[in-house]
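[1] here is a sequence with its predicted model. Questions after.
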Amino acid sequence: MKDRNSNPESAGTESDLIARILTGMDGLNSRILLGAGDDAAVFRNRQTAISTDLTIEDVHFNRNWISLHEVGFRAVMSAISDLAAMAADPFGVLISLALPKKGYNVILEGLRGGIHEAVRKVGASLIGGDLSSSPGPIVIDVTVLGETRDLVTRTGISSGDEVWVTGVLGGSAGAVKIWLDGGDPSTELRNAFTRPPFRVPEARWLVENAGVRTMIDISDGLLRDAGHMADASDVCIVIEPKKIPLHPDLDPDIALRFGMSGGEDYELCLVSKKGILNPLVEIFEEKFGLGLTRVGYVEEGSGIEIKGKECNPESPSNRILGFDHFLV
């Protein structure tokens, strides 16, 4: 981890700043051979999944809504969600920060606590990153490394397969809507936004006990993310709106829309062979205290169909189905 820009508010050297971020973390995960302190981290030979995720102030969060601790926690957990989609156990996290010069010491300390909480929660090690001052908003770039034992992808779907989701959907978008309207969301809705779930244990269980090999995390909304799986396998995924598990605190007038397209729920959307999961639902729900719900099925064709509408990937409603950073 290196600092590319000095800062007049610095309480120490560049190395001191980096040490502040890393201080307080436990020893290295056993899968890490060499952690922070050199030019790069080295990990032991593994089948490794790697993903990166950006969190940008006033795009992904607003400091008037949530604390810096929550910002740091959320940034790491949203990145870890990509590993959950691959059923990969996280072992390494790299954090790169671009922070405003004014008040950056306070910002750094606030983010640090949330970052540490998240890294500990998932059982990984903070192994490096980068640090820079910025004239603009807070930018957090999180890179995560995970060990995979089974290849889980967005492909391999066939006609007749079933589409399932974990948990409830729409809560995160519901919280944002209330904040934008000048209100205060319920604790449950607020948590849906600030505390993305850690779904790696559930993903591993589904792979090992139900043979699931196709998953995606719901970051851009159920319809858009299911559409990515449909495109990858050249099939049509049919979503049944009445079966979608909606967050109970959502306003009924917007619940279904947010459940389908709200985004940032970070639950799992998975595909299994017909009938495989039905006898396992009760076992899953008892083990994890979490719902597992069938929300659709796969048929010949392409794109996404909301049941009752034509399955046409070229229609605007099927091309723009969820959150897109370049369409907001």
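    That came in fine, so what should we check first?

[2] element containing Asp231?
    Element membership of Asp231 [criterion: DSSP states H and E] is helix 222-233.

[3] for that helix, name the packing helices and strands.
    strand 214-217, strand 236-239, helix 252-261, strand 268-272, strand 292-299, strand 303-306 (3 or more CB pairs under 8 Å, 6 or more residues apart in numbering; DSSP states H and E). In short, each C-beta sits where N, CA and C put it, glycine included.

[4] hmm, 7 Å instead?
    On a contact count with 3 or more CB pairs under 7 Å, 6 or more residues apart in numbering; DSSP states H and E, helix 222-233 meets strand 214-217, strand 236-239, helix 252-261, strand 268-272, strand 303-306.

[5] avg pLDDT for stretch 78-92?
    When pLDDT is averaged over stretch 78-92, the result is 94.

[6] rewinding a little: any idea which of the helices and strands packed on helix 222-233 is most buried?
    Comparing these by mean neighbour count (mean count of other CB atoms under 10 Å), strand 268-272 comes out on top with a mean of 26.

[7] residues in contact with that strand: which ones?
    Contacts of strand 268-272 with the rest of the structure, by CB atoms under 7 Å, 6 or more residues apart in numbering, involve 84-85, 157, 161-166, 199, 202-203, 206, 210, 212, 214-218, 222, 225-226, 229, 298.

[8] continuing past it, what's the next helix or strand?
    Next along the chain after strand 268-272, taking DSSP H and E as the criterion, comes helix 281-288.

[9] buried residues in that following helix, which are they?
    Phe284 (16 or more other CB atoms under 10 Å).

[10] got the angle for that helix vs strand 292-299?
    Helix 281-288 and strand 292-299 are oriented at 130 degrees to each other (axes from the mean of the first three to the mean of the last three CA atoms, to 10 degrees).

[11] which helices and strands sit right next to helix 281-288?
    Counting by 3+ CB pairs under 7 Å, 6+ apart, helix 281-288 packs on strand 292-299.

[12] contacts for the strand it packs on?
    The contact list for strand 292-299 (CB under 7 Å, 6+ apart) reads 157-166, 235-240, 243-245, 271, 277, 281, 284-285.

[13] can you give me the helices for the stretch 51-200 of the chain?
    68-85, 104-121, 171-180, 187-194, 200-210 (DSSP state H, counting those that start in this stretch).

[14] give the contact list for Asp217.
    By CB under 7 Å, 6+ apart, the neighbours of Asp217 are 81-82, 84-85, 266, 268.
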